[in-house]
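S.K.: Sharing a model that was predicted from the sequence below.
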Amino acid sequence: MKTIISFAVTSSLMLFISPWVAADTPAQGDGLVTLGGEIIDSACGLELVSADQTIEMRPEPIGRLLRNAIGDPHPFQLRLVNCSLTRPDPSRPDVNLPDWQHLQVTFDGPRDRDGRSFAAFGGSQGVALHIWDAAGQESVPGEPMPLLPLAEGDMTLHYTLRLVGNGLPLMPGAHGAAVRFKLEYF
């Protein structure tokens, strides 16, 4: 079974450009450009290679999954860069808000195993995907993971992705999943 997992983060800055020309006038260089966006308050940047990752898992033999009840570990990381605990108050110059202290990660995507794991789609059957952090804490789709202390500078968050059984009979085939993540600072 071949597994490909994609992680995607949605950008908080959106740019919409749509030319508009009135129907009753010829298009002679008239138009309208509409721009929209959002400014967010964030303690860290996300390294570009962390934002969109593809994890290609080696094929897992059905026999090994039946014996072990879990697939091989596939580590991945989220790398936070230029973290700053200081929070300037945008409405009052020379005044700071309380410092950032914590970070919380939420993974989300289609669910399996009664909402406890991420659904795998494709030709295979009988498997779901599960994520653990470096401390062994499990990620539940759509639920924030425990708070992590935030530090100045760069930070690397370590996770492991594994196949788990979902209670259906195992059938060979390729599968994949898309898992989104959200970073929140407190």
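M.R.: Noted; the coordinates are in hand. Residues are numbered from 1 along each chain as shown.
S.K.: neighbouring contacts of the top strand by length along the chain?
M.R.: In the chain, assigned by DSSP state E, the strand with the most residues is strand 153-165. Outside strand 153-165, the residues that touch it by CB atoms under 8 Å, 6 or more residues apart in numbering are 1, 3, 5, 44, 55, 57, 60, 65, 69-83, 103, 105, 113, 117, 120, 126-134, 139, 148. Quick note: C-beta positions are derived from backbone N, CA and C, even for glycine.
S.K.: and with 7 Å instead?
M.R.: 3, 5, 55, 60, 65, 69-81, 83, 105, 117, 126-134 (CB atoms under 7 Å, 6 or more residues apart in numbering).
S.K.: could I have it exported to PDB, CA atoms only?
M.R.: Below are the C-alpha coordinates for strand 153-165, written out as PDB (Å, rounded to 0.1, in the frame of the first residue of the first chain):
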ATOM      1  CA  GLY A 153      14.100  32.500  18.100                       C
ATOM      2  CA  ASP A 154      13.400  29.300  16.100                       C
ATOM      3  CA  MET A 155      11.500  26.300  17.300                       C
ATOM      4  CA  THR A 156      11.000  22.900  15.700                       C
ATOM      5  CA  LEU A 157       7.900  20.900  16.600                       C
ATOM      6  CA  HIS A 158       8.300  17.100  16.000                       C
ATOM      7  CA  TYR A 159       5.400  14.800  15.000                       C
ATOM      8  CA  THR A 160       5.000  11.200  13.900                       C
ATOM      9  CA  LEU A 161       2.400   9.900  11.400                       C
ATOM     10  CA  ARG A 162       1.400   6.200  11.400                       C
ATOM     11  CA  LEU A 163      -1.200   4.000   9.800                       C
ATOM     12  CA  VAL A 164      -3.700   2.500  12.200                       C
ATOM     13  CA  GLY A 165      -6.500   0.000  11.600                       C
END
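S.K.: quick check: mean pLDDT across the following helix or strand past that strand?
M.R.: Once the chain leaves strand 153-165, the next helix or strand it forms, by DSSP states H and E, is strand 175-185. Averaging pLDDT along strand 175-185 yields 94.
S.K.: Tell me the helices and strands packed up against strand 175-185.
M.R.: strand 3-8, strand 102-108, strand 117-119, strand 121-122 (3 or more CB pairs under 7 Å, 6 or more residues apart in numbering; DSSP states H and E).
S.K.: Show the average pLDDT along the last one.
M.R.: Pointing back at strand 121-122 there. 94.
S.K.: Within the sheet, what are the partner strands of that strand, with directions?
M.R.: Looking at strand 121-122 with DSSP bridges, its partner strands are strand 175-185 (antiparallel).
S.K.: Could you tell me the angle between the partner strand and strand 102-108?
M.R.: 160 degrees (axes from the mean of the first three to the mean of the last three CA atoms, to 10 degrees).
S.K.: Can you list the buried residues in strand 175-185?
M.R.: 175-177, 179, 181, 183, 185 (16 or more other CB atoms under 10 Å).
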